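Trainee: Just to be clear, the model below is a prediction. Sequence and coordinates:
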Amino acid sequence: MATLHVALVEPEIHWNTGNTGRSCLAFGAQLHLIEPLGFSLEAHQVKRAGLDYWPRVRPERWPSFAAFEAALPSLGDAYFLSPDGARPLWSANFGPRSVLILGRESVGFDPAIRERYRDRLYSIPMVDPEIRALNLSTTAALALYEHARQRAQAVESAPLL
């Protein structure tokens, strides 16, 4: 069972999902997709973004956020990434079992989710205040690398991956 998870809540853009799946493979993370999806997983674009790695991604699909949320405690500590996060990502203290959760590309998390997990919201710091958010797959990759950096630092002799 994976100890690192990335969950996309209602992703809308196929190539972001494909790119995130490829990043998950690179880090040994399990990708979770929470429906509804804004595209078909059979779409050529998803497979193209995931390259020839896509068949190995094997994302776990969830019918709703409520179903995923019920399983969340068994997966690990939750970290929600949102431009609304009051704390920068690097202030998160990642443990060995972590779940990195990202919302929809267009609007992020539903307000109820954002409010319920306000103390678990982290943002990617940006210098330009005009930029609302980074690309979803870019954000996922940054969070995966920060998690890897922290875990490697926690075990001084461990390699980055």
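Mentor: Arrived safely.
Trainee: end to end, how far does stretch 125-140 reach?
Mentor: 14 Å (CA to CA, to the nearest Å).
Trainee: Identify all contacting residues around it.
Mentor: 6, 8, 11, 13, 15-17, 19-20, 23-24, 81, 83, 88-89, 100, 102, 105, 108, 124, 142 (CB atoms under 8 Å, 6 or more residues apart in numbering). From N, CA and C alone the C-beta is placed, and that goes for glycine too.
Trainee: Same check on stretch 93-103?
Mentor: By CB under 8 Å, 6+ apart, stretch 93-103 touches 3-10, 29, 72, 75-82, 109-110, 113, 136, 139-140, 143-144, 146-147, 150-151.
Trainee: Using neighbour counts, pick out the buried residues of whichever strand or helix holds residue 137.
Mentor: Here residue 137, judged by DSSP states H and E, is contained in helix 136-154. By 16 or more other CB atoms under 10 Å, the buried positions in helix 136-154 come out as 136, 137, 139, 140, 141, 142, 143, 144, 146, 147, 148, 151.
Trainee: Tell me the pLDDT of the third one.
Mentor: Model confidence at residue 139, given as pLDDT, is 97.
Trainee: now do the first one
Mentor: Note on residue 136: pLDDT of 95.
Trainee: One more: the one 10 residues further on?
Mentor: At residue 146 the predicted local distance difference test score is 95.
Trainee: Repeat that for residue 70.
Mentor: 98.
Trainee: any idea how far residue 29 is from residue 116?
Mentor: 24 Å (CB to CB, to the nearest Å).
Trainee: For residue 71, which non-adjacent residue is spatially closest?
Mentor: Leaving aside its sequence neighbours, residue 71 sits nearest to residue 62 (CB to CB, 6 or more residues apart in numbering; 7.8 Å).
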